[in-house]
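below are the sequence and a predicted model for it; my questions follow.
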Amino acid sequence: MTVPMGALTFVPAGTQFVWRTRGPIEFAHLYISPRHLEDVADRYDGMRRWTLIDRVGARDPLLEALYGAMLREIGAPGESHALY
């Protein structure tokens, strides 16, 4: 599978993957605790249980833009914004 530039991969806690890559690769990891996801789900939709499912190379314009903004912010010289 070829994962396009800017795509996202979601890996639930406890999931194992084996990655094989060719050529240069650039990536960033964002870790969110399962407890935090549960807290957010309860706050916004307390009636349902949410489950994070694994996805490799997912495309979501909003999440890609937010993640890109975060990477630019933390990569900029000086102090990063407290949100990140």
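All right, it came through fine. Numbers count the residues shown, from 1 in each chain.

next one: stretch 14-28 to chain centre, how far?
14 Å (C-alpha atoms, centre = their mean, to the nearest Å).

and the longest helix for this protein?
Determined from DSSP state H, the single longest helix within the chain is helix 61-75.

quick one: buried residues of it?
M70 (16 or more other C-beta atoms under 10 Å). To be clear about C-beta, it is placed using only N, CA and C from the backbone, and glycine gets the same treatment.

I'd like the average pLDDT over that helix.
In this model, helix 61-75 has an average pLDDT of 84.

all helices of the chain, in order?
Using DSSP H, helices in the chain cover 34-44, 61-75.

which neighbouring elements make contact with the longest one?
Using 3 or more C-beta pairs under 8 Å, 6 or more residues apart in numbering; DSSP states H and E as the contact definition, the elements that helix 61-75 packs against are strand 8-10.

what's the strand it packs on in contact with?
With contacts defined as C-beta atoms under 8 Å, 6 or more residues apart in numbering, strand 8-10 is touched by 3, 52-60, 63-64, 67.

taking the centroid of this protein, which residue is nearest it?
L30 (5.1 Å; C-alpha atoms, centre = their mean).

put together a markdown table for the contacts of strand 8-10, with distance to V18 on each row.
As requested, the contacts of strand 8-10 are exported to a markdown table (distance: C-beta to C-beta, whole Å):
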| residue | distance to V18 |
| --- | --- |
| V3 | 14 |
| L52 | 20 |
| I53 | 18 |
| D54 | 13 |
| R55 | 16 |
| V56 | 12 |
| G57 | 15 |
| A58 | 19 |
| R59 | 23 |
| D60 | 24 |
| L63 | 24 |
| E64 | 25 |
| Y67 | 24 |
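
nearest to G46, of those?
Using C-beta to C-beta, L52 comes nearest to G46 of the contacts of strand 8-10, at 17.4 Å.

what pLDDT does the closest one get?
For L52, pLDDT reads 76.

ok, the closest residue to it other than its chain neighbours - how many residues close by?
Residue nearest to L52 in three dimensions, not counting chain neighbours: P12, with 4.6 Å by C-beta to C-beta, 6 or more residues apart in numbering. Here the number of neighbours of P12 (other C-beta atoms under 10 Å) works out to 12.
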